[in-house]
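J.: All I have is the shape, not the residue letters:
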């Protein structure tokens, strides 16, 4: 039932993001603005569908692991349990203990782990993490989140245009002041709404992957133990400024960047207490 609820939430959030963008495009340019916004979304999603995995692996200078590496063997084992092709496994040279999955489909996917996570976790806990990441792959979460990120990014861009229109746009002298205020409010509020929706989507997909890990392994304790260690490990050794981009935070199993949001609805990930509580409630 919870899995269906999460899928329903994802559908609603993506629909709201798309509706927000199309409404904003229509507001700025009328029917032609609506069409331009729609075409732009399709183009950006097509580009990210094909190249997002290569871009993020390049960003983190990830190197493919040899076939005899323990992570490769664990990925194959977990992929077999999950009933999907084994993704390629990569290593990131960082002491921050973390991992992420990327790729447009189970047949075109990759899992990346840091040096830090291999040092921090034992094999049992690491298997729980890899099952979480392969659940993302199986659910096509990276594709869903990429689409949401692109739409949210376009909304921010269009909202910036709205603010410029408010400042330099036309309008009669009688209502120009009211138009400027209205457009400025819209230009400021819409990207905030888009960001909140994007963050809600990220948290929803994390819950789904946590549950997927437990069900794949028929064991919720592996991931639960790993998450406790990873929360402490990432607080102690977050990514340095030159190690990554905060916009990629939703990809990782826990937020690897310093200064994570205190209020949950402003966070890329659910609170660790809630994630662990949900895992323990599964009793697997």
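T.: Ah, there it is. Quantities reported herein were computed from a predicted structural model and do not represent experimental measurements. Numbering: from 1, shown residues only.
J.: All the helices of the stretch 151-284 of the chain, residue numbers only.
T.: Using DSSP state H, counting those that start in this stretch, the helices found in the stretch 151-284 of the chain span residues 176-217, 221-236, 272-282.
J.: rank those by pLDDT, which is bottom?
T.: For these, mean pLDDT drops lowest on helix 176-217, to a mean of 77.
J.: Packing partners of it?
T.: Counting contacts by 3 or more CB pairs under 8 Å, 6 or more residues apart in numbering; DSSP states H and E, helix 176-217 packs against helix 2-59, helix 70-82, helix 123-138, helix 141-168, helix 221-236, helix 272-282. Yep, even glycine has a C-beta here, placed from its N, CA and C like the rest.
J.: Do you know the pLDDT at residue 174?
T.: Reading off the confidence values, residue 174 has pLDDT 48.
J.: nope, residue 73 is what I was after
T.: pLDDT at residue 73 comes out at 97.
J.: What sits closest to residue 59 if chain neighbours are left out?
T.: Among residues not flanking residue 59 along the chain, residue 245 sits closest, at 6.5 Å (CB to CB, 6 or more residues apart in numbering).
J.: my guess is the one you found meets residue 58, correct?
T.: No. Between residue 245 and residue 58 no contact is recorded; they are 11.8 Å apart, counting by CB atoms under 8 Å.
J.: quick one on the thing from earlier: ok, the residue nearest to residue 59 to residue 252 distance?
T.: Separation of residue 245 from residue 252 (CB to CB, to the nearest Å): 11 Å.
J.: still on that earlier bit, of all the helices of the stretch 151-284 of the chain, which lies closest to residue 111?
T.: helix 176-217 (12.2 Å; CB to CB).
J.: which intervals of the stretch 51-200 of the chain have sub-threshold pLDDT?
T.: 145-154, 156-187 (pLDDT under 70).
J.: So what touches stretch 219-227?
T.: 121, 124-129, 131-132, 210, 213-214, 217, 253-254, 272, 275-276, 279-280, 282-284 (CB atoms under 8 Å, 6 or more residues apart in numbering).
J.: 7 Å instead, please
T.: 121, 124-125, 127-129, 131-132, 210, 213-214, 272, 275-276, 279-280, 282, 284 (CB atoms under 7 Å, 6 or more residues apart in numbering).
J.: Which pLDDT value does the model give the residue nearest to residue 59?
T.: 78.
J.: Comparing residue 245 and residue 252, which shows the higher neighbour count?
T.: residue 252 (24 against 11; other CB atoms under 10 Å).
J.: what's the distance between that one and residue 83?
T.: Counting by CB to CB - residue 252 and residue 83 are separated by 24 Å.
J.: Over to residue 215?
T.: Note on residue 215: its distance to residue 83, by CB to CB, is 11 Å.
J.: cool, residue 196 as well?
T.: Residue 196 sits at a distance of 35 Å from residue 83 (criterion: CB to CB).
J.: More neighbours: those two, which one.
T.: Using other CB under 10 Å as the criterion, residue 196 and residue 83 rank with residue 196 on top: 14 against 10.
J.: What residues sit buried inside stretch 51-69?
T.: 52-53, 56-57, 60, 62, 65 (16 or more other CB atoms under 10 Å).
J.: who are the neighbours in contact with the closest residue to residue 99 other than its chain neighbours?
T.: Excluding its sequence neighbours, the residue lying closest to residue 99 (CB to CB, 6+ apart) is residue 113, at 4.5 Å. Residue 113 is in contact with 71, 91, 99, counting by CB under 7 Å, 6+ apart.
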